[in-house]
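> for reference, the sequence and a predicted model appear below.
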Amino acid sequence: MRKKVIAGNWKMNKLASEANQFVDEVKVKLPQSDKVEAIVCSPFPYLAQLVEKAKGTTLAVAAQTMHYEESGAFTGEVSPEMLADLGVTYVVLGHSERREYYNETDETVNKKVHAAFKHGLTPIVCVGETLEQREANETMDHVEMQVTKALEALSEEQVANTIIAYEPIWAIGTGKTATSEQANEVCTHIREVVAKLTSKETASKVIIQYGGSVKPANVDELLAQSDIDGALVGGASLEPASFLQLVEAGAK
Ligand SMILES: O=C(CO)COP(=O)(O)O
């Protein structure tokens with residue numbers, strides 16, 4: 001049985017005191033269940049303090065991006081080694097906002113996935129189609145290409161430990177959630193793609209999240225689907241109460 005993984009992607013939100021307060025409140029109220037993993041994806045400046053705060057709890061801390069090189073002349077960037085050194089355990093890679101505004105490509109995503117594993121970080125790889133691609137019936141091919149490139153040259157064990165987040169771009173921050181059937185259809189396809197690349201057994205281990213306007217009101221239905229193993233959540237992860245409701249849904 002795959003566990004559910006609920007990750008709150010704060011994006012570029014919260015000040016330090018708000019981030020601290022969030023973790024202080026959430027960490028003592030998290031359901032103690034091995035059916036669910038809760039992660040907060042914080043802006044870089046708060047990672048160190050949140051890792052400290054979350055020590056000894058079941059809350060994990062993720063970065064929202066990173067470079068693929070270990071060090072060097074990359075002004076403004078943060079390396080996988082730096083994240084691992086802080087005690088960060090997950091990293092979001094290839095989010096559609098990074099692809100759109102910061103030139104993240106399938107090729108750099110693949111380099112970053114390799115770099116993440118090299119440093120003991122678990123990658124959360126985001127894929128998903130635009131509205132135009134959906135309307136042109138290109139969703140399945142597009143997502144297949146993104147997944148195939150992201151996982152290129154990984155070992156089967158690494159693939160099994162990669163989290164894939166299916167986030168249709170048209171559903172991000174728009175209030176438009178894909179119906180749970182639409183979301184599951186693509187997540188099932190992603191699992192089939194992974195099976196083709198590796199094996200059915202490996203594909204059955206991969207955690208596939210859905211993301212895009214997930215909130216307490218729709219999370220149960222999404223998580224009830226056969227191939228949706230969690231959620232990557234923006235807006236509804238900013239308040240402790242709604243984040244906790246989402247994690248509780250994952251523990252059911
Ligand atoms: O992009 C997302 C999470 O990474 C989804 O954001 P929303 O939940 O705000 O739609």
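Yep, it's here.

> residues in contact with stretch 97-116?
11, 64-70, 80, 91, 93-95, 122-123, 125, 145-146, 149-154, 158, 162, 172 (CB atoms under 8 Å, 6 or more residues apart in numbering). Where C-beta positions appear, they are placed from N, C-alpha and C, glycine not excepted.

> in the chain, which spans are strands?
All strands of the chain, identified by DSSP state E, fall at 4-9, 36-42, 59-63, 90-93, 122-127, 163-166, 207-211, 230-233.

> list the contacts of the residue of the chain most remote from its centre.
The outermost residue of the chain, judged against the average C-alpha position, is residue 73 (27.8 Å), by CA atoms, centre = their mean. Neighbour list for residue 73: empty [criterion: CB under 8 Å, 6+ apart].

> look up how far residue 114 lies from it.
21 Å (CB to CB, to the nearest Å).

> likewise residue 201?
When residue 201 is compared with residue 114 (using CB to CB), they lie 22 Å apart.

> give me the more crowded residue out of the two.
residue 114 (16 against 10; other CB atoms under 10 Å).

> buried ones in stretch 113-125?
113, 114, 115, 116, 117, 119, 121, 122, 123, 124, 125 (16 or more other CB atoms under 10 Å).

> in the chain, which residue sits nearest the ligand?
Relative to the ligand, the nearest point of the chain is residue 234 (2.4 Å; CB to the nearest ligand atom).

> return the per-residue confidence for that residue.
Looking at residue 234, its pLDDT is 98.

> skipping adjacent residues, who's closest to it in space?
Excluding the flanking residues, the one nearest residue 234 by CB to CB, 6 or more residues apart in numbering is residue 9, at 5.3 Å.
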